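Visitor: Requesting a structural model of the entry that follows:
(one chain, ligands or ions: 2)
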Amino acid sequence: MKKALITGITGQDGSYLAELLLEKGYEVHGVKRRASSFNTQRIDHLYVDQHEKNVRFKLHYGDLTDSTNIIRIIQEVQPDEIYNLGAMSHVKVSFDSPEYVGNVDGLGTLRILEAIRILGLEKKTRIYQASTSELYGGLPENKNEKGFYDEKSPFYPRSPYGVAKIYGFWITKNYREAYNMYACNGILFNHESPRRGETFVTRKITMAVASIAKGKQDVLYLGNLNAQRDWGHAKDYVEAMWKMLQQDQPEDFVIATGKTTTVRDFVKMAFAEVGIEIECEGENENEIAKVKTCNNPNFQLEIGKTVVKVDPEYYRPTEVDLLIGDPTKANTQLDWMPKYDLAAMVKEMVESDLKLA
Ligand code: NDP
Ligand code: GDR
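Guide: Ligands and ions are numbered 1, 2, ... in the order given. Below you'll find the predicted structure:
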């Protein structure tokens, strides 16, 4: 039975990856942080009484800022595969805590790689590093000739998060080359789901749409509505992570859908899902969206009511304007294809948030 260790198991991706690996027959170990209140909601359904026989799901307290603890957990588990998903993953928040994000997202990656060397596991343990499309920074001149970012496109990170993750990317590549380790970077574009953290834009929108439709919230405040993202589904993307570690040779892969959408259009799609058509007026910080039609008898929304406003508080000091990825290498070499399209994902997220509202 293969053993996997997942850092960031309590997060969106960690929870889907744990499900996938358990389905594949793995023994799954996860690192969770001690918190003053429970932080395991996304994985509680996987937890089994540890006194039972043949338990295949185990959690360990730990933190990526503590190398002693990382070494001890890896020594105890002796994993065949490590998925380093743990990170302070919010781009806007990284401007508020830049040193912390450097420590966790940058040096945390080094701590995992060094632990493998210290323990002499270079030949046994394969490592997946959660790299990101934020490395590209959205510079138009850095797209390939087809107009996408791919594995060869230059990086130009635009946030402390992106800068920390670029360290994680290069140290992973360096350890692969220097010590012949099986270590891969997945350069994943944005991926979402009903389990997405509530302050990322897609989930913030789908939660607000559900609350507004049910009359529990008046207005949704957002930042840059012109930003464009290549949004996929987390369930599809964790499959790609696993596939990357099953190759003969370790390599880096872009995982994306190849389509990009504005935040504004995502908002329109989410409202349309509850039968509400919105129209936008004004520009930049003066832009608002009003209800144009409401075709759902369950929701009484006044025509002309303002439901979206821009609050520049949500603008970033430096923004990534547009991301679109070229997944050709993953399509051909990993035989990876996403099953969800954006419309199906928006539907799933809105339906889930309607139930929660
Ligand atoms: P989440 O924010 O949902 O989850 C992050 C996880 O990291 C949580 O389990 C969190 O624990 C844990 N974590 C945070 N700080 C530490 C720390 N100091 N030590 C140990 N663990 C820590 O992120 P996602 O699941 O969305 O993303 C997974 C990874 O993929 C991240 O590294 C992210 O940067 C990267 N990524 C994500 C993309 C996306 O669109 N989702 C795209 C590209 C890359 P806790 O629950 O206690 O906070
Ligand atoms: P991102 O995701 O920064 O791309 O990072 P996020 O959903 O936070 O922002 C996407 C775009 O939406 C714009 N935006 C807003 N964003 C937030 N959070 N809140 C708002 O109110 C709002 N209004 C507009 C942003 O300016 C941005 O342009 C995510 C994270 O998961 C990273 O960890 C990961 O590496 C990248 O995706 C790929």
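Visitor: Arg195 touches Glu19, doesn't it?
Guide: No. Arg195 lies out of contact with Glu19 (CB atoms under 8 Å); the separation is 10.6 Å. To be clear about C-beta, it is placed using only N, CA and C from the backbone, and glycine gets the same treatment.
Visitor: would you put the C-alpha positions of the helix or strand where Ala270 lies in CSV?
Guide: Per DSSP states H and E: Ala270 is located in helix 263-273. The C-alpha trace of helix 263-273 is given here as CSV (Å, rounded to 0.1, in the frame of the first residue of the first chain):
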residue,chain,number,x,y,z
VAL,A,263,-14.8,38.7,-12.6
ARG,A,264,-17.7,40.7,-14.0
ASP,A,265,-18.9,37.8,-16.2
PHE,A,266,-18.5,35.4,-13.3
VAL,A,267,-20.8,37.6,-11.3
LYS,A,268,-23.3,37.6,-14.1
MET,A,269,-23.2,33.9,-14.5
ALA,A,270,-23.7,33.3,-10.8
PHE,A,271,-26.7,35.6,-10.6
ALA,A,272,-28.1,34.0,-13.8
GLU,A,273,-28.0,30.7,-12.0
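Visitor: And it, what does it pack against?
Guide: Using 3 or more CB pairs under 8 Å, 6 or more residues apart in numbering; DSSP states H and E, the elements in contact with helix 263-273 are helix 201-213, strand 220-222, strand 276-281, helix 342-356.
Visitor: from the middle of its chain, how far away would that helix be?
Guide: Between the centre of helix 263-273 and the centre of its chain there are 20 Å (CA atoms, centre = their mean, to the nearest Å).
Visitor: and that helix, does that touch ligand 2?
Guide: Yes. Residues of helix 263-273 contacting ligand 2 under CB under 6 Å from any ligand atom: Val263.
Visitor: Show the subsequent helix or strand relative to the helix ranked longest in the chain.
Guide: As assigned by DSSP state H, the longest helix anywhere in the chain is helix 160-179. Going down the chain from helix 160-179, the next helix or strand is strand 183-188, by DSSP H and E.
Visitor: Note down every partner strand of the helix or strand that that next one is followed by and its orientation.
Guide: As assigned by DSSP H and E, the chain's next helix or strand after strand 183-188 is strand 191-192. Applying DSSP bridges, strand 191-192 is found paired with strand 232-233 (parallel).
Visitor: wait, does the partner strand contact ligand 1?
Guide: No. Judged by CB under 6 Å from any ligand atom, strand 232-233 makes no contact with ligand 1; its nearest approach is 8.2 Å.
Visitor: Show me the contact partners of that strand.
Guide: Strand 232-233 is contacted from outside by 189-193, 255-257, 338-340, 344-345, using CB atoms under 8 Å, 6 or more residues apart in numbering.
Visitor: for the residue lying closest to Tyr161 once chain neighbours are set aside, what are its contacts?
Guide: Nearest non-adjacent residue to Tyr161, counting by CB to CB, 6 or more residues apart in numbering: Ser94, 3.6 Å away. By CB under 8 Å, 6+ apart, the contact list for Ser94 reads Met88, Val101, Ser159, Pro160, Tyr161, Ala164.
Visitor: where exactly do the helices run in the stretch 51-200 of the chain?
Guide: In the stretch 51-200 of the chain, helices defined by DSSP state H, counting those that start in this stretch lie at 67-77, 91-94, 98-101, 108-118, 160-179, listed in chain order.
Visitor: What parts of the stretch 201-350 of the chain come near ligand 2?
Guide: Counting by CB under 6 Å from any ligand atom, the stretch 201-350 of the chain sits next to ligand 2 at Val201, Lys204, Leu222, Gly223, Asn224, Ala227, Arg229, Val263, Tyr314, Arg316, Glu319, Val320.
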